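# The following comprises the amino acid sequence and a computationally predicted model.
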Amino acid sequence: MMRNSDIASVLFELAEIMDLKGDVFKRNAYRKAAQSIEDLDVEVSDYMSKGKLESIPGVGKAIARKIEELVQTGGLRSLEELRAEFPAGIMEMMKVPDVGPRTAVTLYRELGVSDLEGLRKAAEGHRIRSLKGFGVKREENILRGIELVQGHAGRMLLGHALPIAEAVVRHLRSGGMDEVSVAGSLRRWKDTVGDIDLLVGSDNPGAAMDLFTSYELVAAVISKGPTRSTVRLVDGTQVDLRAVPRSSYGAALQYFTGSKEHNVVMRRRAIQQGYRLNEYGLFRRGSGEMVAGGDEDDIYRLLGLEPIPPELREDRGEIDAAERQRLPELVREEDILGDFHVHTVLSDGKATMREVVAEAVRRGYRYIGITDHSSSLHIAHGLQADDLLASVEEARQLSEELGFPILRGAEVDIMEDGSLDYSQDILEQLDYVIGSVHSHLKMGREEMTERILTALSCKELNILGHPSGRLIGRREPYQVDMDRILEEAARTGALLEVNASLERMDLNDIGCRKAKELGAKVVLGTDSHWIEELDYMRFAVHTARRGWLEREDVVNTMPVEKVREIFRKRSA
DNA sequence: GCCGTTTTCGGCCCGACTGTTTTCAGTCG
């Protein structure tokens, strides 16, 4: 059976091969068709049986015929031939910075280099520099690039990148640049970022470049031009700074925030409406008159759109929604009244309950939930039942003393059979329970789904902790039927956690959106193990925003009485 | 290869920077 995603991946592969052939138009055509098939809610075979393949956006005669061949024979003759023409290792070579399709194909044709390792040998043997159009610098860049790729330099966690970016922004501000912003995927709060993009609005861009490249933590200046520079910091992070005139600051902010997909749609829209859109502004076509540029929101308004928050700019329907004035009213950092996932010294945290509460008060929260680990998680000093009950009493007294609501919960392990790690009579004495999977992670999909559904059937479980179990860059999500889990949570009033631990970010943006679609609410939790980590709340908030969530979708925006009511209702 | 509110042919998003050139191709975002 050929699923939509199988068909899409064949088309994506064809797109890559067209890239190697140097035909960017066919590449884009295949890519567009692949993307729209991947986004389809209906099976492609349904379209096919009705003879309606060509009504899929981006699918014309040629691609329709290819899809038919794929579905009927399970393969594609023309693809086999193309694969023989270009070895698979060429794609791998293109992961190296500065090596694009042209370079990769030239190196393959001229030197017979067909994978990353071969590329390294060719560079080390100085066989690249003598090729026409290449030189010593090019060869050195390639060699450095290979080291970068092989040294998993890859992507960086949001929570690591943002403080670095904020420090550079402070440096630029202190040097007199008043219009400075984080841009790129970081401004969209994507959970990982490839590099850090910054933007300055200044009528003296040269000064901005000098200020930037003289930042004390710069290890190397990779490129420096009059309006754009790239540096590598001592910790290996790459940072780009672009400077534009003040009158273009808003347009540039729009442009450099991306995503690329969002911008392609925006520029196409501009053309349709008789404009041209670039990083300098929105211009009337023909006269060239500039109609917007200084203010980002103006660009959206002039194109007939509600201003779109950066977190939504992924070409996932936001432009459509903005056109109909139906953008969600996203949850905001200042809406958050409390945190539901905090560890203390009682298990593996570093702060006492008193210190945690003091920090919650300092942050202006109205309540705080304490959730230490349960007994079977020995590695984290999980609490025995007696100690847990003693701490419930401690919380009650502390709450009374400080006049501040403390919700006493626990992060309870979901055991291999789906049962919870404390007995019912213990669980009943808690205000709420987060159930989390920490062991037997490699179960089959059916088993894991059953395990979690069993856990959800326990009324004492209020929140499913870090539902997918992924660790970014380290561990894939569990094999699990997440749709069924979310549906069951929605049906029974269980909540899904958005865990803000930097390598979790789990649920992620897509998961949040799915949860909302299926009618489930979420709670945000920092999973803090010391005071400073309570600050991770902002990552959870913005992940929820990327998932289109509004105030009423997020339990942390509700007053404590309402929260208690939601927890009680689940237990009843 | 797809597509049509300037088009059934001729477009397809756009500009900066580097390294190699001597006017530009390739890459990147």
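Looks like it came in fine.
# Name the residues that touch the helix or strand in which residue A:561 is found?
With the criterion set as DSSP states H and E, the secondary-structure element containing residue A:561 is helix A:560-571. Among residues not part of helix A:560-571, those counted as contacts by Cβ atoms under 8 Å, 6 or more residues apart in numbering are A:337-338, A:366-367, A:405, A:407, A:428, A:431-432, A:459-462, A:492-495, A:555, A:558. For every residue, glycine as well, the C-beta is placed using N, CA and C.
# PyMOL command for the buried members of those?
Restricted to buried positions by 16 or more other Cβ atoms under 10 Å, the PyMOL selection for the contacts of helix A:560-571 reads:
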select buried, chain A and resi 337+338+366+367+405+407+431+432+459+460+461+462+493+494+495+555+558
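# Mind checking which of the contacts of helix A:560-571 are in helices?
The helices, defined by DSSP state H, take in residue A:492 from these.
# Among the contacts of helix A:560-571, which are located in strands?
Secondary structure of these is defined by DSSP state E; positions in strands are A:338, A:367, A:407, A:432, A:495.
# quick check, nearest of these to residue A:504?
Distances from residue A:504 to the ones in strands among the contacts of helix A:560-571, taken as Cβ to Cβ, are shortest for residue A:495 (16.3 Å).
# Residues in a beta bridge with that closest one, which ones?
When bridges are called by DSSP bridges, residue A:495 pairs up with residue A:463.
# Is it in contact with residue A:524, as I believe?
No. Under the contact definition of Cβ atoms under 8 Å, residue A:495 does not touch residue A:524, with a separation of 10.3 Å.
# Output the contacting helices and strands for whichever helix or strand residue A:455 is part of.
Of the helices and strands defined by DSSP H and E, residue A:455 is found in helix A:445-456. In terms of contact count using 3 or more Cβ pairs under 8 Å, 6 or more residues apart in numbering; DSSP states H and E, helix A:445-456 is assigned the packing partners strand A:463-464, helix A:482-492.
# Residue A:338 pairs with what?
What pairs with residue A:338, by the bridge criterion (DSSP bridges), is residue A:367.
# For stretch A:488-501, what is the distance to the chain centroid?
Relative to its parent chain, stretch A:488-501 has a centroid offset of 19 Å by Cα atoms, centre = their mean, to the nearest Å.
# Enumerate the positions of that stretch that are buried.
Neighbour counts using 16+ other Cβ under 10 Å place A:488-490, A:493-501 of stretch A:488-501 among the buried residues.
# Any chance of a markdown table for the residues you listed, columns distance to DNA strand B and pLDDT?
Shown next, in a markdown table, are these (distance: Cβ to the nearest atom of the strand, whole Å; pLDDT from 0 to 100):
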| residue | distance to DNA strand B | pLDDT |
| --- | --- | --- |
| A:488 | 39 | 95 |
| A:489 | 37 | 95 |
| A:490 | 36 | 95 |
| A:493 | 43 | 94 |
| A:494 | 40 | 96 |
| A:495 | 37 | 97 |
| A:496 | 33 | 97 |
| A:497 | 32 | 97 |
| A:498 | 27 | 97 |
| A:499 | 29 | 96 |
| A:500 | 26 | 96 |
| A:501 | 27 | 94 |
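# contact partners of the one helix or strand in chain A whose mean pLDDT sits lowest?
Least confident helix or strand of chain A, by mean pLDDT, DSSP states H and E, is helix A:136-150 with a mean of 82. Outside of helix A:136-150, the residues within contact range by Cβ under 8 Å, 6+ apart are A:95-99, A:116, A:119-120, A:123-124, A:126, A:128-129.
# For it, what is the distance to the chain centroid?
28 Å.
# Just after that helix, pick out the following helix or strand.
With secondary structure assigned by DSSP H and E, helix A:136-150 is succeeded by strand A:156-157.
# quick one, phi psi at residue A:236?
According to degrees, to the nearest 10, the main-chain angles of residue A:236 amount to phi 90, psi -10.
# now it: how far from residue A:250?
Computed as Cβ to Cβ, to the nearest Å, the residue A:236 to residue A:250 distance reads 32 Å.
# Same check on residue A:428?
Counting by Cβ to Cβ - residue A:428 and residue A:250 are separated by 56 Å.
# same check, this time on residue A:299
Separation of residue A:299 from residue A:250 (Cβ to Cβ) stands at 6 Å.
# quick revisit: farthest-separated two in the ones in strands among the contacts of helix A:560-571?
Within the ones in strands among the contacts of helix A:560-571, two members stand farthest from each other by Cβ to Cβ: A:367 and A:495, at 15.5 Å.
# mean confidence score for the helix holding residue A:455?
The predicted model gives helix A:445-456 an average pLDDT of 93.
# residue farthest from the centroid of chain A?
In chain A, counting by Cα atoms, centre = their mean, residue A:130 sits farthest out from the average C-alpha position, at 41.9 Å.
# Find the nearest non-adjacent residue to residue A:415, please.
If the residues on either side of it in the chain are set aside, residue A:415 comes closest to residue A:421, at 6.2 Å by Cβ to Cβ, 6 or more residues apart in numbering.
# Please read off the pLDDT at the one you found from the model.
89.
# Over to residue A:412?
Here the pLDDT value assigned to residue A:412 is 92.
# Give the bridge partners for it, please.
For residue A:412, the beta-bridge assignment (DSSP bridges) gives partners residue A:435.
# Residue A:439 sits in which helix or strand?
Element membership for residue A:439, per DSSP H and E: none, as it lies in no helix or strand.
# That one reaches residue A:417, doesn't it?
No. Residue A:439 sits out of contact with residue A:417 when judged by Cβ under 8 Å, with a separation of 11.5 Å.
# joint contacts of residue A:299 and residue A:250?
Taking Cβ under 8 Å, 6+ apart as the contact rule, residue A:299 and residue A:250 both touch A:292-293.
# How about the contacts made by residue A:451?
The contact partners of residue A:451, by Cβ under 8 Å, 6+ apart, come to A:414, A:416-418, A:437, A:443.
# For DNA strand B, state which of those residues is nearest.
residue A:437 (35.9 Å; Cβ to the nearest atom of the strand).
# what pLDDT does the closest one get?
In the predicted model, residue A:437 carries a pLDDT score of 93.
# In contact with the closest residue to it other than its chain neighbours, which residues?
Using Cβ to Cβ, 6+ apart and skipping the chain neighbours, the partner closest in space to residue A:437 is residue A:414 (4.9 Å). Contact partners of residue A:414, counting by Cβ under 8 Å, 6+ apart, are A:420-421, A:435-438, A:451-452, A:455.
# and with 6 Å instead?
If you count contacts by Cβ atoms under 6 Å, 6 or more residues apart in numbering, residue A:414 has them with A:435, A:437, A:455.
# Would you reformat those as CSV and include neighbour count and distance to DNA strand B?
Supplementary listing: the contacts of residue A:414 in CSV, determined by neighbours: other Cβ atoms under 10 Å; distance: Cβ to the nearest atom of the strand, whole Å:
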residue, neighbour count, distance to DNA strand B
A:435, 28, 41
A:437, 24, 36
A:455, 24, 42
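# quick one: which of those is nearest residue A:277?
Closest to residue A:277 out of those is residue A:437 (46.4 Å), distances taken as Cβ to Cβ.
# count of residues packed around the closest residue to residue A:359 other than its chain neighbours?
The shortest distance from residue A:359 to any residue that is not its chain neighbour, by Cβ to Cβ, 6+ apart, is 5.0 Å, and that residue is residue A:531. The local packing of residue A:531 (other Cβ atoms under 10 Å) involves 18 other residues.
# Quick check: residue A:531 touching residue A:351?
Yes. Applying Cβ atoms under 6 Å, one finds residue A:531 in contact with residue A:351, separated by 5.0 Å.
# Tell me where the stretch 101-250 of chain A is predicted with low confidence.
Scanning the stretch 101-250 of chain A for pLDDT under 70 picks out the ranges A:151-154.
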